[in-house]
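Peer 1: Only the shape, not the letters, is given here:
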DNA sequence: GGACATGATGTTATAGGTTCACAAGCCTGT
DNA sequence: ACAGGCTTGTGAACCTATAACATCATGTCC
């Protein structure tokens, strides 16, 4: 089994068959949109697929560039509207500290997310820790604060990159 | 004791003598900079003071406008450099989800911060919950992730605004 | 005190990120 | 075919942030 591979010109540690991630994400999106009675158009599909090209957060303008490459003239609103849609459907999250967007691995379930963002390989991992969720809720409750939305982004170095650093 | 007052034209619930906050913040800044051997210049002082005009997060371009109003021509780098300095000294935090900046009420102590951001009155409260800190650390450790920086921003409605809503 | 190194600020320009407003197109039900 | 509503195209504007280079202030060492 491969533990390294090339993806978009960059070496990725502990790789996997990423096409499965993509296929799953698209299938899930299809399902979620059908359930919500919203339209998973070609544009939206293409953009979601682009976001899922890896496990890194993707910038809006990179999507824009890719759209332009694929032919046709794409303008910012095209991308932002698609992103808005995908976020409303819970298919994509925005990483505020990066101004970038990442696919949600489990749309549909109602969840609050926390993100582990590796500053080295740039991979973003979404985790859902009940303990952490409870702690967040606890801190808010102590202050009499009613939470509507949370941004929890942890920057640092992922396990793989730490391993690599030791190996090198 | 006043439970309401006017501040910059907006009604603020459960107000306090805010001039004390400002004075404290400036005195603390003085102290911290002296300790670090860094220069708390007039510009930096003015900008920190502007940020402390309230308990809301302030946008860089609002600072810019204020500087311009006070006479003279201010350009973005002026503000951003001051903000960078203030952040490095731990006097100011950036709220990523708002692209705005807020004064730190306890610079000097080494701390990780969490923010309660009221979407109604826009006040931002910095809290430091050990339990929450531990939970964050725990979630990271479980994933073998080494944290270097964290962004934890909770949006919702603060206790005061909830009270107001019930009263109304 | 004068020369120098260093850090702070001024200035111009540009890059990056997001939204607005209006036009045009495309589905869907009738 | 038609109306109404979502979806996309298009141009412009706005907000956020940084690069690059010039100038100025401050402290230090002799």
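Peer 2: Right, received. Where do you want to start? Values in this document were obtained by computation on a predicted structure and should not be read as measured data.

Peer 1: How about the contacts made by residue A:128?
Peer 2: Contacts for residue A:128 were tallied using C-beta atoms under 8 Å, 6 or more residues apart in numbering or on different chains; they are A:111, A:112, A:113, A:114. The way it works is simple: take the backbone N, C-alpha and C, and place the C-beta from them, glycine included.

Peer 1: Kindly report the same for residue A:135.
Peer 2: Counted by C-beta under 8 Å, 6+ apart, residue A:135 has contacts B:129, B:131, B:132, B:134, B:135, B:136.

Peer 1: The same query, at a cut-off of 7 Å, please.
Peer 2: Residues counted as contacts of residue A:135 (C-beta atoms under 7 Å, 6 or more residues apart in numbering or on different chains) are B:131, B:132, B:135.

Peer 1: Then residue A:156?
Peer 2: A:118, A:119, B:145, B:146, B:147, B:148.

Peer 1: hmm, try it at 10 Å
Peer 2: Residue A:156 is in contact with A:116-120, A:162, B:140, B:145-150, counting by C-beta atoms under 10 Å, 6 or more residues apart in numbering or on different chains.

Peer 1: Please flag which of these sit within helices.
Peer 2: Residues of the contacts of residue A:156 located in helices (DSSP state H): A:162, B:140.

Peer 1: from the contacts of residue A:156, which single one is nearest DNA strand C?
Peer 2: Set against DNA strand C, the nearest of those by C-beta to the nearest atom of the strand is residue A:117 (14.5 Å).

Peer 1: a markdown table for the contacts of residue A:156, including pLDDT, distance to DNA strand C and neighbour count?
Peer 2: Putting these into a markdown table (pLDDT from 0 to 100; distance: C-beta to the nearest atom of the strand, whole Å; neighbours: other C-beta atoms under 10 Å in any protein chain shown) gives the following:
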| residue | pLDDT | distance to DNA strand C | neighbour count |
| --- | --- | --- | --- |
| A:116 | 98 | 20 | 25 |
| A:117 | 98 | 15 | 27 |
| A:118 | 98 | 18 | 23 |
| A:119 | 97 | 15 | 12 |
| A:120 | 96 | 19 | 14 |
| A:162 | 96 | 27 | 16 |
| B:140 | 97 | 25 | 21 |
| B:145 | 98 | 24 | 24 |
| B:146 | 98 | 25 | 16 |
| B:147 | 97 | 23 | 17 |
| B:148 | 96 | 20 | 11 |
| B:149 | 96 | 18 | 12 |
| B:150 | 97 | 20 | 20 |
